[in-house]
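Asks: turn this into a model:
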Amino acid sequence: MSSVSEGRIPDSAVRPVTRVPLRAALRADDGTWIEAVYDPCTGDDDGETAIVVAHGFTGSVDRPAVRRAVRAFSRYVAVVTFSFRGHGRSGGFSTVGDREVLDLAAAVAWARSLGHRRVVTVGFSMGGSVVLRHGALYASPAAEGGDGGAAGGVAEREGRARARTGAHADAVVSVSAPARWYYRGTAPMRRLHWMVTRPAGRLVGRYGFRTRIHREAWDPVPLSPVAAAALIAPAPLLIVHGDRDPYFPVDHPRMLAAAAGDAAELWLERGMGHAENAADETLLTRIARWVVQR
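Replies: Numbering: from 1, shown residues only. Predicted coordinates:
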């Protein structure tokens, strides 16, 4: 799975914020088609802010846990959801967190094209690692002298060209994310690695979980989540993790928060399991309120 270059494309004209649900096919910068859904805010808002939700591995826009998050978030702000490559009706193959940053960038740029001036990314599990890396790779116009390109040092380390204009996040929320790649310290993660790395596992992924997984190993290895977390500032960062997460123990969120320093806020949730399936209405509402307050 090789990291591909991100070419700049022209910005689309900004239209007034829409108040109707939309479905769209977006094209990532490497040409992969990504299904996306826009849900307008159902409450009172100023139309400035949208949340872009990045689901976990084997998820999609229509999974019940993702739709539950949309319902909770849309009471406060508009919401864009999308299916990562290899998931749902999107094209391509899952690279388990590498090229997925291009899918997220396309979704963020789409939210801005719909008229939202402020976009916050909220990612779960694999999506949580993607929003961290996206937050490091895509700088705000203010941070980049007004051109909205990729963060220079990170772009150079990942071998990337300038990023799509307008694809940056104004704040980042990472839920149940790993701090480091190749973690096999829990039984669920050992099973996941079997599914990703073995031909029989990829068949299980395709037909059992409706997820098409790329056969090739990462080359080069993408920037790790903990390294990315250190590069997101000055954008606000919220790290959320359950103390009963069966995939990643609590040293992972603590490592992320330590790397981010004062720019990050850490919520360790008592009794919570893993990712969007474990995020209840109360937690989702607190996340939405954090987004609005920032």
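Asks: pLDDT value on residue 47, please?
Replies: Looking at residue 47, its pLDDT is 85.
Asks: ok, residue 1 next?
Replies: Looking at residue 1, its pLDDT is 45.
Asks: again, but for the one 3 residues further on
Replies: Each residue has a pLDDT score; the one for residue 4 is 38.
Asks: and residue 55, its phi and psi?
Replies: Backbone torsions of residue 55, given as degrees, to the nearest 10, read phi -70, psi 170.
Asks: what's the separation between it and residue 253?
Replies: According to CB to CB, to the nearest Å, residue 55 and residue 253 sit 19 Å apart. Placement of C-beta: from N, CA and C, glycine included.
Asks: okay, residue 236 and residue 68: tell me how far apart.
Replies: In this view, residue 236 and residue 68 are 24 Å apart by CB to CB.
Asks: please disregard the earlier target; I meant residue 272.
Replies: Residue 272 is 15 Å from residue 68, by CB to CB.
Asks: and these two? which has more neighbours close in?
Replies: Comparing residue 272 with residue 68 by neighbour count (other CB atoms under 10 Å), the higher total belongs to residue 272, at 20 against 16.
Asks: hang on, the more buried one in a strand?
Replies: No: the assignment for residue 272 by DSSP: H, G, I helix; E, B strand; the rest coil gives coil, which leaves it out of any strand.
Asks: Provide a list of residues in contact with the spatially closest residue to it that is not a sequence neighbour.
Replies: Among residues not flanking residue 272 along the chain, residue 242 sits closest, at 2.8 Å (CB to CB, 6 or more residues apart in numbering). Counting by CB atoms under 8 Å, 6 or more residues apart in numbering, residue 242 makes contact with 176, 268, 269, 271, 272, 273, 274, 278.
Asks: out of the residues you listed, which are buried?
Replies: If you count burial by 16 or more other CB atoms under 10 Å, the buried members of these come out as 176, 269, 272, 274, 278.
Asks: what does the pLDDT read for the last one?
Replies: This means residue 278. 97.
Asks: now it. Nearest residue, chain neighbours left out?
Replies: In this structure, residue 278 finds its nearest non-sequential neighbour in residue 272, 5.2 Å apart by CB to CB, 6+ apart.
Asks: so the one you found makes contact with residue 250?
Replies: No: Residue 272 is beyond contact range of residue 250, at 10.7 Å (criterion: CB atoms under 8 Å).
Asks: anything in contact with each of those two?
Replies: Residues within reach of residue 272 and of residue 250 at once, by CB under 8 Å, 6+ apart, are 241, 243.
Asks: and the nearest residue to residue 201 once chain neighbours are set aside, how far from residue 205?
Replies: The spatial neighbour of residue 201 that comes closest, neighbours along the chain excluded (CB to CB, 6+ apart), is residue 195 at 3.7 Å. Distance of residue 195 to residue 205, given as CB to CB: 5 Å.
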